[in-house]
Structures are given as C-alpha cells and as structure tokens.
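# Quick one: sequence and predicted model below, then my questions.
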Amino acid sequence: MLYQLQNVVRHIAQTEVMPRFLNTPSYLKDDGSMLSEADLAAQRAFAAALPLIADSPMLGEEMTAREQTDLWRLHSQDDGLWIVDPIDGTNNFINGLPHFAISVAYVKHGRAQYGVIYNPVSGECFYAASGEGAFLNGTQLPLRRVKKQLNEAIAGVEIKYLRSGKLSSRMNTLAPFGTIRSMGSSTLDWCYLASGRYDVYVHGGQKLWDYAAGALIFEEAGGCLSTLEGDDFWSGEHVFKRSVIAALEPDLFERWIKWIRDNQ
C-alpha cells in the first residue's frame with residue numbers, strides 16, 4: 001500500500017502539479033491563504049486515484065469546512081479516510097520558490113497509518129507506515145543525530161501563528177536557540193525535523209492536512225512532540241487545528257518545551 005501510494009503521489013506531482021509551476025492562475029481564499037488551479041487539479045486527481053488503493057473517501061484541503069467536518073466524523077475511525085494537501089506551500093509554488101510538497105495520509109481509528117510527503121522539485125519522498133519506521137527515498141530516518149545544546153539548535157518557528165503575544169515577542173528577542181527558519185511549508189518542516197535538518201520546532205496551529213502525514217513520519221523517526229496546551233499531541237477535540245512543540249532528541253525536547261512553557 002505504501003509503495004502504491006508513493007507511485008500515485010509522484011505521478012500526480014509530475015502530471016498535475018509541476019506542469020503548472022510558474023504557470024497557473026491563483027486566487028486569495030477567504031482565510032487569506034492562496035489557492036491555485038494546480039491545487040484543484042491535483043486534488044481532483046487524488047480523489048480519483050486514492051480509492052483504488054484503499055476504498056475510503058478523501059478529505060482534501062480545498063473542500064469546504066462542512067465537507068471536511070462531515071468526512072472526519074463519519075469515516076476517520078473504522079472506515080478509513082484519506083487526508084490530502086494537494087500543494088502545501090502554495091504561496092511558494094505561485095511565486096516560483098521551489099519549496100513546496102504534496103502530502104497524503106491514510107487515517108484509521110483517528111490516527112495516520114500511512115503517510116507520504118513529496119517535494120517534486122528536489123525529488124525527495126518522505127514516507128512512513130505506523131510501527132515500521134520512516135524513510136527518505138529508501139534511507140531510514142533520521143539521516144543524522146547530533147547532540148546539541150539548545151543555544152546551538154536550528155529552530156523551525158512560525159512566529160505569526162503563535163497565539164501568545166508574550167511568546168512571539170520573546171521568540172524574537174530572547175530565543176534560546178542558535179538560528180531560526182521559516183520556509184512556508186509545514187509538511188516539509190515535519191520532514192526536516194524527522195531527518196535531523198531541524199533540531200526544534202514550534203507552530204501555533206497547524207491544519208489537519210499539515211500534520212496528518214508529517215507527524216506520523218516524525219514519530220516513526222523517533223521524535224518527541226507535544227502541543228502548546230498539553231503533553232499529549234494526539235489528545236483533545238481540536239483535530240482541524242493543532243499546535244506543535246517538537247524536537248528529535250529527547251534531552252533537547254525537554255529543554256525546549258520548558259523554555260516555551262515558561263515564556264507563554
């Protein structure tokens with residue numbers, strides 16, 4: 001199933017997404033994010049292809065909130081449900097920045113069982129199956145483990161999504177890490193954490209399609225994660241928007257989460 005899923009993701013990336021790179025009309029959505037015709041074309045292609053792998057419905061980013069809610073309520077437990085972000089990093093995609101990805105997860109019993117995240121520009125395909133580890137193009141993740149102090153860490157931080165004014169202000173002025181990255185694709189952030197390219201991470205609120213595949217890949221690589229509100233990342237009712245605190249190394253995670261909790 002995971003092999004089939006990778007093939008479908010690669011195929012749709014090459015037939016529906018990349019031919020429209022730098023060459024697609026775009027629109028501003030009601031929530032202020034961008035939408036391109038490539039997003040819609042890819043989502044339609046996934047809706048046709050994924051049920052041939054597992055006969056379950058698909059929840060896509062570009063559906064209405066009501067459609068998404070109904071699909072999750074009816075199918076995320078026993079039936080199984082596909083979760084698709086046809087292009088994560090649409091703003092990058094529209095503006096010609098080669099940092100975006102296609103993300104697909106298969107969810108059952110409320111948790112992702114399979115996940116694939118593919119950057120069609122770099123050709124990097126990150127994938128995982130629950131309980132079987134995480135991989136990048138056949139190489140097991142993480143790619144590297146380096147013991148660091150928090151003040152040496154590379155941090156992925158999405159400042160604008162942090163709901164606490166105090167935390168966002170201190171992240172800018174008193175941050176304990178070495179250097180910061182904010183590259184515009186949450187799904188690739190998860191993969192960079194899982195591979196050891198990022199050391200620590202915080203995000204104030206990711207959508208379901210941002211974390212469904214990524215959190216599985218990260219956990220299967222051995223990472224530690226929580227939310228700004230509590231210790232169990234997967235608990236709570238807020239499925240469609242969930243904050244993240246994460247680090248690959250347990251010792252670094254403990255220092256990172258303590259600093260964040262002390263400064264909220």
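Done, it's in.
# what are the ranges of the helices in the chain?
2-12, 37-49, 65-75, 90-94, 165-173, 186-195, 208-220, 250-262 (DSSP state H).
# among those helices, which is nearest residue 27?
Nearest to residue 27 among these is helix 37-49 (8.7 Å), distances taken as Cβ to Cβ. From N, CA and C alone the C-beta is placed, and that goes for glycine too.
# So which bits of that closest one are buried?
Burial within helix 37-49, assessed by neighbour count using 16 or more other Cβ atoms under 10 Å, is assigned to 38, 39, 40, 41, 42, 43, 45, 46, 47, 49.
# quick one on the thing from earlier: including mean pLDDT and distance to residue 180, could the helices of the chain go into CSV?
Converted to CSV, these look like this (pLDDT from 0 to 100; distance: least, Cβ to Cβ, whole Å):
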stretch, mean pLDDT, distance to residue 180
helix 2-12, 97, 30
helix 37-49, 96, 28
helix 65-75, 94, 31
helix 90-94, 93, 18
helix 165-173, 81, 8
helix 186-195, 98, 12
helix 208-220, 97, 19
helix 250-262, 94, 13
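# For the stretch 1-150 of the chain, just list every one of the strands.
Assigned by DSSP state E, counting those that start in this stretch, the stretch 1-150 of the chain shows strands spanning 26-28, 34-36, 58-60, 81-88, 101-108, 111-119, 124-129, 134-136, 139-140.
# Could you tell me the least trusted of those strands?
Out of the strands of the stretch 1-150 of the chain, strand 26-28 stands lowest, with a mean of 81 (criterion: mean pLDDT).
# so what strands line up beside that one?
strand 34-36 (antiparallel) (DSSP bridges).
# tell me how far the strand it pairs with is from the chain's mean position?
Mean C-alpha position of strand 34-36 versus that of the full chain (Cα atoms, centre = their mean, to the nearest Å) differs by 18 Å.
# what residues does that strand touch?
Strand 34-36 is contacted by residues 20, 24-29, 62, 87, 90-91, 93-94 when judged by Cβ atoms under 8 Å, 6 or more residues apart in numbering.
# Just the closest of those residues to residue 12, please.
residue 87 (10.5 Å).
# how much space between that closest one and residue 201?
Computed as Cβ to Cβ, to the nearest Å, the residue 87 to residue 201 distance reads 21 Å.
# now do residue 183
12 Å.
# Show me which of these two is the more surrounded one.
residue 201 (27 against 16; other Cβ atoms under 10 Å).
# Am I right that residue 208 is in contact with residue 82?
No. The criterion here is Cβ atoms under 8 Å, and residue 208 misses it with residue 82 at 11.8 Å.
# Identify the contacts common to these two.
What both residue 208 and residue 82 touch, as defined by Cβ under 8 Å, 6+ apart, is the set residue 59.
# May I ask which of the contacts of strand 34-36 has the most neighbours?
For the contacts of strand 34-36, neighbours tallied by other Cβ under 10 Å; top is residue 87, 33 neighbours.
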